[in-house]
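Student: I'd like to go over a predicted model; first the sequence, then the structure.
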Amino acid sequence: MYKKLKQSLYILLSPAKGNRVWDNILDYFLVILISLNVAAVILETVNSIYAVYAVYFKNFERVSVHIFTVEYVLRVWVCTCDEKYKHPVWGRLRYMFSLGALIDLLAFLPFYLPFTSVDWRHLRILRLFMFVRIFKLGRYLSAKELIANVFSSKREELILCLAITVSLIVAASGFVYFAENSAQPEKFSSIPATMWWGVTTLTTVGYGDIYPITLTGKILTSIISILGIGVFALPAGILASGFSEELQKRKHKHGTTCPNCGREIDTQHITHLS
């Protein structure tokens, strides 16, 4: 009975494991609760709203934290049902230090800190951890696996793009520094200081606080700006290609859908029968 209850809770708390009615209800409930918590944290920063509804914000925060705490404790208890964490002690410790468990912990931990005997007032920045709750949504989004696979399969190309971008920023900053330093020593005082101009120019943001005034500097800026458009378009193309490839893999793996009834057709099974 104990093992059966534990296994049922494990499936209930694992969105990818079960597809029963209660599994879906709990998933939707937690997604809505997490979304409302993130919205509440944002709205609390609006003084006119918080001044009127402060009591409601605090009560909602209290209820949410209790729910997240119970969820975390239950997840730690049932994690031994997973083969990776099957040891009753070391398995649980390993789970507690996993990324998902740390996100769950940080989602409610700052709420309890002010109630300790230690003066935590200087750690008010921990309120920022409330935004960690939005990452809890990743547990309930099936698209996260798709995104992770795309970044994993294209990591070498993305790293290469990053290396090219950094190299271009350094080279551009160096060239423009030598072109503009004598004309604007206070703005282009060093190559590291010029890198701010390089980043804003290559990203086509261009705040206008630093800009070249010499002919050489203007010519270099024109060339660098055009190169920046191409360089920053590369990751978008790579990711688009990765998503296309991953979706094609999923179609091939899971088959296609029937145009009449909409049900999934297992093309591998049909090929085997033929």
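Tutor: Done, it's in.

Student: please export the C-alpha coordinates of stretch 106-115 as PDB.
Tutor: Provided in PDB are the C-alpha atoms of stretch 106-115 (Å, rounded to 0.1, in the frame of the first residue of the first chain):
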ATOM      1  CA  LEU A 106      14.200  28.900  -4.400                       C
ATOM      2  CA  ALA A 107      10.600  29.400  -5.300                       C
ATOM      3  CA  PHE A 108       9.500  29.400  -1.700                       C
ATOM      4  CA  LEU A 109      12.700  29.600   0.500                       C
ATOM      5  CA  PRO A 110      12.900  33.500   0.600                       C
ATOM      6  CA  PHE A 111       9.400  33.500   2.200                       C
ATOM      7  CA  TYR A 112      10.700  31.700   5.300                       C
ATOM      8  CA  LEU A 113      13.900  33.600   5.800                       C
ATOM      9  CA  PRO A 114      12.400  36.700   7.500                       C
ATOM     10  CA  PHE A 115      11.000  34.400  10.200                       C
END
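
Student: buried stuff in it?
Tutor: Leu106, Ala107, Phe108, Leu109, Pro110, Phe111 (16 or more other C-beta atoms under 10 Å). No exception for glycine: its C-beta is placed from N, CA and C like everyone else's.

Student: for the helix or strand hosting the first one, packing partners?
Tutor: Read it as Leu106. Applying DSSP states H and E as the criterion places Leu106 in helix 99-112. On a contact count with 3 or more C-beta pairs under 8 Å, 6 or more residues apart in numbering; DSSP states H and E, helix 99-112 meets helix 47-78, helix 90-96.

Student: convert the shortest one to CSV, retaining C-alpha atoms only.
Tutor: Right, the one you point to is helix 90-96. Output of helix 90-96 as CSV, limited to C-alpha atoms (Å, rounded to 0.1, in the frame of the first residue of the first chain):
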residue,chain,number,x,y,z
TRP,A,90,22.0,9.6,-1.4
GLY,A,91,19.3,9.5,-4.1
ARG,A,92,17.3,12.1,-2.3
LEU,A,93,20.4,14.3,-1.7
ARG,A,94,21.3,14.0,-5.3
TYR,A,95,17.8,15.0,-6.3
MET,A,96,17.8,17.9,-3.9
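
Student: only the buried residues of that helix, if you could.
Tutor: Neighbour count says helix 90-96 has Gly91, Arg92, Tyr95, Met96 buried, by 16+ other C-beta under 10 Å.

Student: need the helices and strands packed on helix 99-112 in a markdown table (columns: mean pLDDT and distance to Ile164).
Tutor: Listed next are the helices and strands packed on helix 99-112 as a markdown table, based on pLDDT from 0 to 100; distance: least, C-beta to C-beta, whole Å:
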| stretch | mean pLDDT | distance to Ile164 |
| --- | --- | --- |
| helix 47-78 | 89 | 42 |
| helix 90-96 | 91 | 38 |
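
Student: I'd like to know which of those helices is closest to Ile32.
Tutor: Evaluated over the helices and strands packed on helix 99-112, closeness to Ile32 peaks at helix 47-78, with 11.1 Å, by C-beta to C-beta.
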